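K.L.:
Give me a model of this one.
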Amino acid sequence: MKSDIQSSIEHISKKDFVKISGDIKSPFMQYSFLHALEKSKSASLDSGWEPCHLTKEQEGELVGFIPMYKKYNSGGEFVFDHSWAHALEQAGRKYYPKLLTAVPFTPCKGERIIGDNKTIKNNLINDVKDYMQVENIESWHILFPDSETSLLLKEHDLIERYGCRFTWNNRGFKSFSDFLDIFTARQRKTIKAERKKVADAKVSFKIIENEDISSNDWDIFYKLYCQTYVDRWQRPYLEREFFNQITKESKSSKPILFFAIQNEEVIGGSLCFKNADTLFGRHWGSIKNIDCLHFETCYYQGIEYCIKNNLHYFDPGIQGEHKIRRGFEPELCSSFHHFLKDDLRDAISVFCSKERKSIMQYKKSCEEYTPIKKEYRIKS
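P.N.:
Numbering: from 1, shown residues only. Just a heads-up that it's a prediction; the model follows:
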């Protein structure tokens, strides 16, 4: 078998990629999504994401793939390692570039190693380690892998770092009112009041999916998306061209826009993606400051969509304890890390071990904070 580093996803045949990734559930690990990020230059060397995807061929046929980037910063990852970088640079060594296996700007769990069988996946992991030696790259980071990938990485003795995220679980709800029944009376009243504030502001909602999303719709949403970053004095991660590219492959990426409309003007919106059982909340923005508009646009509209379309889960994005009061429940997530040299590996291993205890305590505190009635809570 032959392994290669590809400087662009375009150097990989889409037909061959689709052939080996047919069982992939994540809409973000599809060829079209990764290609849109690169083609739009959202994920490029200029933004600190230099593609160096690992492929494996057998008799000229693609049999394995790991999405990989040389990262020259830690932006757009949502797993924070700035202190690690500072410590290594203080020691006179270079933390960047590092190797990163992730979907750029997308902190959603999913497959990270694609292969025809476990042997090929094991070989791919060993190939990355060999590449680190050749390039003298100090670290490799795998972010938000699914459970199957996590088990494989543990077998290779990568360091696991815990995190906590919040997801919504569909308990067979028939309506939003049915969903509200799992809460305490006080929280039911609070959620109804939040939704009423948006309704009283004469805000209605329009949902647009897949190929029905027009170029003008994307123009409107991109303005909203950029405003979120302007408010934080940051540059948007995604370029406008990314959304043009997504439109071309909407059947595989399955984008959904939730537009908030007031006086016939779109004043807010959220962008989600979905697969067979999960809605993924990704981006949002607004041009008007209306109380509770964020909760309605990003959470309640998505929950109603999941109930109506019989989706089992809603992953609204990373972080945010405020999600707990809206019916989202804490769950553990992980990243995995491999280091070229033992001194850094040992130090990070100790750090992650200590941090794990605080993450577990944080999760427990979140579980106690939930307004969901005890009989409806998911057991850890």
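
K.L.:
measure residue 91 to residue 370 for me?
P.N.:
Distance check for residue 91 against residue 370: by Cβ to Cβ, to the nearest Å, it reads 43 Å. Placement of C-beta: from N, CA and C, glycine included.

K.L.:
Among these two, which residue is more densely surrounded?
P.N.:
With other Cβ atoms under 10 Å as the criterion, residue 91 and residue 370 differ in neighbour count, and residue 370 comes out ahead with 22 against 11.

K.L.:
can I assume the more buried one is in contact with residue 329?
P.N.:
Yes: if you go by Cβ atoms under 8 Å, residue 370 and residue 329 touch, sitting 6.6 Å apart.

K.L.:
Between these two, which contacts overlap?
P.N.:
residue 377 (Cβ atoms under 8 Å, 6 or more residues apart in numbering).

K.L.:
Once you drop chain neighbours, what's closest to residue 225?
P.N.:
With Cβ to Cβ, 6 or more residues apart in numbering as the measure, residue 285 is the residue that lies nearest to residue 225, at 4.7 Å, once sequence neighbours are left out.

K.L.:
gap between whichever strand or helix holds that neighbour and the chain center?
P.N.:
With elements delineated by DSSP states H and E, residue 285 resides in strand 278-286, which encompasses its position. On the basis of Cα atoms, centre = their mean, to the nearest Å, strand 278-286 sits 10 Å off its chain's mean C-alpha point.

K.L.:
continuing past it, what's the next helix or strand?
P.N.:
Past strand 278-286, heading to the C-terminal end, the next element that is a helix or strand (DSSP H and E) is helix 293-295.

K.L.:
what is the orientation angle of the helix or strand following that next one with strand 278-286?
P.N.:
Scanning forward in sequence from helix 293-295, with DSSP H and E defining helices and strands, the next element found is helix 301-309. Using axes from the mean of the first three to the mean of the last three Cα atoms, to 10 degrees, the direction of helix 301-309 lies 150 degrees away from that of strand 278-286.

K.L.:
quick check: mean pLDDT across helix 301-309?
P.N.:
Confidence for helix 301-309, expressed as mean pLDDT, is 98.

K.L.:
As CSV, could you dump the C-alpha coordinates of it?
P.N.:
Taking C-alpha atoms only, helix 301-309 is exported to CSV below (Å, rounded to 0.1, in the frame of the first residue of the first chain):
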residue,chain,number,x,y,z
GLN,A,301,-36.8,26.9,16.1
GLY,A,302,-34.3,24.1,15.7
ILE,A,303,-36.1,22.0,18.4
GLU,A,304,-39.4,22.5,16.7
TYR,A,305,-37.8,21.4,13.4
CYS,A,306,-36.4,18.3,15.0
ILE,A,307,-39.7,17.3,16.5
LYS,A,308,-41.6,17.9,13.2
ASN,A,309,-39.0,16.0,11.2
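
K.L.:
thought residue 303 was touching residue 327?
P.N.:
Yes: applying Cβ under 8 Å, one finds residue 303 in contact with residue 327, separated by 6.8 Å.

K.L.:
hey, what's in contact with both of those two?
P.N.:
Residues touching both residue 303 and residue 327 comprise 168, 179, with contact defined as Cβ under 8 Å, 6+ apart.

K.L.:
helices and strands of the chain: which one has the lowest mean pLDDT?
P.N.:
Scoring the helices and strands of the chain by mean pLDDT, DSSP states H and E places helix 250-253 at the bottom, with a mean of 75.
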